[in-house]
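# just the structure for this:
(chains A, B, C and D)
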There are 2 protein chains.
Amino acid sequence: MSIGNQSRRGGQRRKHSEMKGIRRLAQHLDISIGTVSRALNGRPDVNEETRRRVLAAAKELGYVPNQSGRSLRQGTTNIIGFMMQTGTEITGQGDTFFMSVFDGVQAVFARHKLDLVALLCSSQEDPGDYLRRVVARGFADGVILSATQRHDPRVELLSERNIPFVTLGRTLTDAGQPWLDLDFEGMAQASIDRLVAHGHRRIAVTRPHDDVNLGYVFVERCREALAAHGLALDEDLVFRSTPNEAGGYQIGRDLLALDDRPTAIVLINETIAIGFYRALSEAGVKPGRDIAVIGRYSPHAQFLSPSLTCFRLSLRDLGVALAETLLATMPAFKHHYPHATANTLWPMELVEGASDALHIHQS
Amino acid sequence: MSIGNQSRRGGQRRKHSEMKGIRRLAQHLDISIGTVSRALNGRPDVNEETRRRVLAAAKELGYVPNQSGRSLRQGTTNIIGFMMQTGTEITGQGDTFFMSVFDGVQAVFARHKLDLVALLCSSQEDPGDYLRRVVARGFADGVILSATQRHDPRVELLSERNIPFVTLGRTLTDAGQPWLDLDFEGMAQASIDRLVAHGHRRIAVTRPHDDVNLGYVFVERCREALAAHGLALDEDLVFRSTPNEAGGYQIGRDLLALDDRPTAIVLINETIAIGFYRALSEAGVKPGRDIAVIGRYSPHAQFLSPSLTCFRLSLRDLGVALAETLLATMPAFKHHYPHATANTLWPMELVEGASDALHIHQS
DNA sequence: CATAGTTCCGTAAACGTTTACGGACGCCAA
DNA sequence: TTGGCGTCCGTAAACGTTTACGGAACTATG
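Numbers count the residues shown, from 1 in each chain, chains lettered A, B, ... in the order given. Prediction:
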């Protein structure tokens, strides 16, 4: 061992317990902090024997590098934020929805030692302010935005701050960021085609009550699909609601109150089917027998009775795609994802149930 | 303005665009970075006029302090983590469970400029490793642990690292940390009493399939409550399942296959009622008419048909209590919460529905 | 005018890392 | 012996803040 090490400086050697962090480790091993850092970070210019000792000592002393120090130096945090709002009335997406998406995102991030955290914006706070406060501070290296609005101020904020991000859902004010979205157009087309083929002529559709939701193109595509069959979309049959169980219940009540009831309905949200079923049940109306219902898949929709005919997608795969799309925009990871699939619609597949078994025979 | 400012040092004045962060701001205003920092942080020893100028310039230049630099200096991040695992099969919490809790937590945190993020631990990774990796690095000032196991290694880890934390759910290996838990004992007692009063003698109960869930005391308390009425708990009527819809469906099938069916059942999880209803429905068995069912409230349970008699709690209030309990353990906030209610059971209230309308008349 | 007190601000040292740079040392060939 | 090269490691300067300290300018008081 060479003498004149920094640990001896000033002739006085402080006790180990007085030091913290990497210094403590270096002092314990009687080597310099630079070498410790290099050893821990897998740099090549360090003796393998030394590295072994450092790693062992780190484990023994329970050393973990301080995140702030590291980030400050490197300018990177290794954290990606998934922004979502608490108070689910707005998005209508359930916990399980995001949990499944997270699963896919993390599968990709794990390969790059990136950590995913959910940025929880209170419904009390302006999302723009929130982003400014937490993300602009260099909290995360990148962001995934969900529940995008048609005009979303967060998009402008992030793009002018040059923070890599991707949105789940299209926006009208496109800042050139990559996006992924569910293929509501495809769902609209397939639903209408299917119902018309079954003889339905009066078909109801649903839409979110404001523009915060993913499916703002849904109704228009339904209209087009109907037109292709020579049918018109009756405006009385376009139902708005909050995207939750209560909203579905309300739709059910409104629908039943109509003089000229539709013979079929397409539900755009996952959760509204439950409330809708309840409203029908109270009136003795049975899905699949008295009215055809098509909805979206969710863990509980699967267990509704009669079983719901619905459109399903792999949320985990969607998460994987989101992660890859984001990383493809980040210089540090770009080369790993040369042809990530951005700006594309995510397909959904039809799961046949009993809820749309009703066929109308022309008289 | 005084001369000899640091911004003039060396005689050369770098262009604004070359500087970053607080230096840029200071140079722009031609004052020292110390003053800028004091002005931004609301320190008293700064001229009000100066403060006004600083604030205006900060807004104009879009300056936000760097989180890493600040944390490094202060040793604090102003971030509280709520740890949860992705892959919801494990927790079985319904869609909006956590969102509602978050809402309450944030209401408290907002008063102290604390930000809540969800620490998403992949189901692929060991939760202990995860905590070591992210939290021990000084990522968060405090942690809320959910879905605690009976023996939870995370508890030991956090307590030996001296990181403030609170658990939602009791643990057997108590490290002296504060906890909150749902009053499953109270639910057990009230359910059994109610069903027995309605004449039921053969009562089934459910329990999680392993010890990851909150309600490990539930079955035992049911047993005691039955014993108080002179009844024994038939072990064949203790159903285990995964805490999700599929688990509830399985319970339903198993129950219906019994030779000597129970006349009532108590479901401990929110989500299993949906699958359970489905299984009954397929067999033509109707809750409230053919069997009495008591469950837990959730946004969809409310819309089941027939309506579910269930135990409800205010998740938002629970979140508030969690936050206050955590802050009460943190030196910086302790004095705000002199008598926070830790180590207490959170009561649930009964919501009467139609699912337990079945009364048994003794023959 | 001298002194004390107040108000405001600049200076510089931390906080815990990473990393460019250079130096010490050993080895080998000329 | 000399020089060159490779291996390993120590040194010190960043990264962007906050804050203890001291000092300058000003006001009040005698």
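
# next one: phi and psi at residue A:349?
Dihedral pair for residue A:349: phi -110, psi 150, per degrees, to the nearest 10.

# check whether it really touches residue A:309, as I assumed.
No. The criterion here is C-beta atoms under 8 Å, and residue A:349 misses it with residue A:309 at 11.7 Å. All C-beta atoms are positioned from the backbone trio N, CA, C, and that covers glycine.

# more neighbours: which of those two?
Shown here are residue A:349 and residue A:309; by other C-beta atoms under 10 Å in any protein chain shown, residue A:309 has more neighbours (23 against 13).

# kindly provide the distance from the more buried one to DNA strand C.
Per C-beta to the nearest atom of the strand, to the nearest Å, residue A:309 is found 54 Å from DNA strand C.

# residues touching that residue, list them.
A:293, A:294, A:295, A:350, A:351, A:352, A:353, A:354, A:355, A:356 (C-beta atoms under 8 Å, 6 or more residues apart in numbering or on different chains).

# list the contacts of the first one.
If I follow you right, that is residue A:293. Here residue A:293 is in contact with A:264, A:265, A:267, A:273, A:276, A:287, A:308, A:309, A:355, A:356 (criterion: C-beta under 8 Å, 6+ apart).

# repeat that with 10 Å
Residue A:293 sits next to A:204, A:264-267, A:273, A:276-277, A:280, A:287, A:304, A:306, A:308-310, A:353-358 when contact means C-beta atoms under 10 Å, 6 or more residues apart in numbering or on different chains.

# sorry, back to before: just the ones in helices from the contacts of residue A:309, please.
Using DSSP state H, no member of the contacts of residue A:309 falls in helices.

# joint contacts of residue A:349 and residue A:309?
residue A:297.

# tell me the residues of chain A that contact DNA strand C?
A:2, A:20-23, A:33-34, A:37-38, A:40-41, A:45, A:63, A:65-66, A:68-70, A:72-74 (C-beta under 7 Å from any atom of the strand).

# what confidence value was assigned to residue A:241?
Looking at residue A:241, its pLDDT is 88.

# look up how far DNA strand D lies from the residue nearest to it when sequence neighbours are not counted.
Closest residue to residue A:241 apart from its sequence neighbours, by C-beta to C-beta, 6 or more residues apart in numbering or on different chains: residue A:247 at 3.2 Å. From residue A:247 across to DNA strand D, the span is 44 Å (C-beta to the nearest atom of the strand).

# surely residue A:247 is within a strand?
No. Secondary structure of residue A:247 (DSSP: H, G, I helix; E, B strand; the rest coil): helix, not part of a strand.

# and chain B, which of the residues of chain A next to DNA strand C contact it?
Filtering those for proximity to chain B (criterion: C-beta under 10 Å from any C-beta of the partner chain) leaves A:21, A:63, A:65, A:66, A:68, A:69, A:70, A:72, A:73, A:74.

# and those, which of them are buried?
Buried members of these, scored by 16 or more other C-beta atoms under 10 Å in any protein chain shown, are A:63, A:65, A:66, A:68, A:69, A:70, A:72.

# now do the SS call for the first one.
In three-state terms, and counting by three-state DSSP, residue A:63 is coil.

# identify the residues contacting it.
Counting by C-beta under 10 Å, 6+ apart, residue A:63 makes contact with A:20, A:21, A:22, A:24, A:25, A:28, A:36, A:40, A:54, A:57, B:136.

# for the first one, phi and psi?
Just to be clear, that refers to residue A:20. The phi/psi pair for residue A:20 (degrees, to the nearest 10) is phi -130, psi 160.

# correct me if wrong: it contacts residue A:65.
No. Between residue A:20 and residue A:65 there is no contact under C-beta atoms under 10 Å: 11.6 Å.

# count of neighbours near the spatially closest residue to residue A:329 that is not a sequence neighbour?
With sequence-adjacent residues excluded and distances taken as C-beta to C-beta, 6+ apart, residue A:329 is closest to residue A:164, at 4.8 Å. Residues lying near residue A:164 (other C-beta under 10 Å) number 23.

# what sits against residue A:164?
Counted by C-beta under 10 Å, 6+ apart, residue A:164 has contacts A:80, A:140-144, A:158, A:177-178, A:326-334.

# buried subset of those residues?
A:80, A:140-144, A:158, A:177-178, A:326-330, A:333.

# from the residues you listed, which has minimum pLDDT?
Ranked by pLDDT, these bottom out at residue A:177, which scores 89.

# is it fair to say that one lies in a helix?
No. Going by three-state DSSP, the assignment for residue A:177 is coil, not a helix.

# so it is in contact with residue A:162, correct?
No. Using C-beta under 10 Å, residue A:177 makes no contact with residue A:162, being 11.3 Å away.

# verify the stated contact: residue A:181 with residue A:187.
No. Counting by C-beta under 10 Å, residue A:187 is not a contact partner of residue A:181; they are 11.6 Å apart.

# between these two, who's got more neighbours?
Neighbour count, other C-beta under 10 Å: between residue A:181 and residue A:187, residue A:187 has more, with 25 against 20.

# state the distance from the more buried one to DNA strand D.
Between residue A:187 and DNA strand D the computed distance is 46 Å (C-beta to the nearest atom of the strand).

# in the helix or strand containing that residue, what counts as buried?
For residue A:187, the element it lies in under DSSP states H and E is helix A:184-197. Residues of helix A:184-197 classed as buried: A:184, A:185, A:186, A:187, A:188, A:189, A:190, A:191, A:192, A:194, A:195, A:196 (neighbour count, 16+ other C-beta under 10 Å).

# can you show me the strands along the stretch 51-200 of chain A?
A:79-85, A:115-121, A:142-145, A:165-168, A:179-182 (DSSP state E, counting those that start in this stretch).

# can you list the helices and strands that the last one packs against?
Based on contacts counted as 3 or more C-beta pairs under 10 Å, 6 or more residues apart in numbering or on different chains; DSSP states H and E, the elements that strand A:179-182 packs against are strand A:165-168, helix A:315-328, strand A:344-346.

# partner strands of that strand, with direction?
Strand A:179-182 has the following strand partners under DSSP bridges: strand A:165-168 (parallel), strand A:344-346 (parallel).

# mind putting these into CSV with mean pLDDT and distance to residue B:153?
As requested, the strands paired with strand A:179-182 are arranged in CSV below (pLDDT from 0 to 100; distance: least, C-beta to C-beta, whole Å):
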stretch, mean pLDDT, distance to residue B:153
strand A:165-168, 95, 34
strand A:344-346, 93, 38
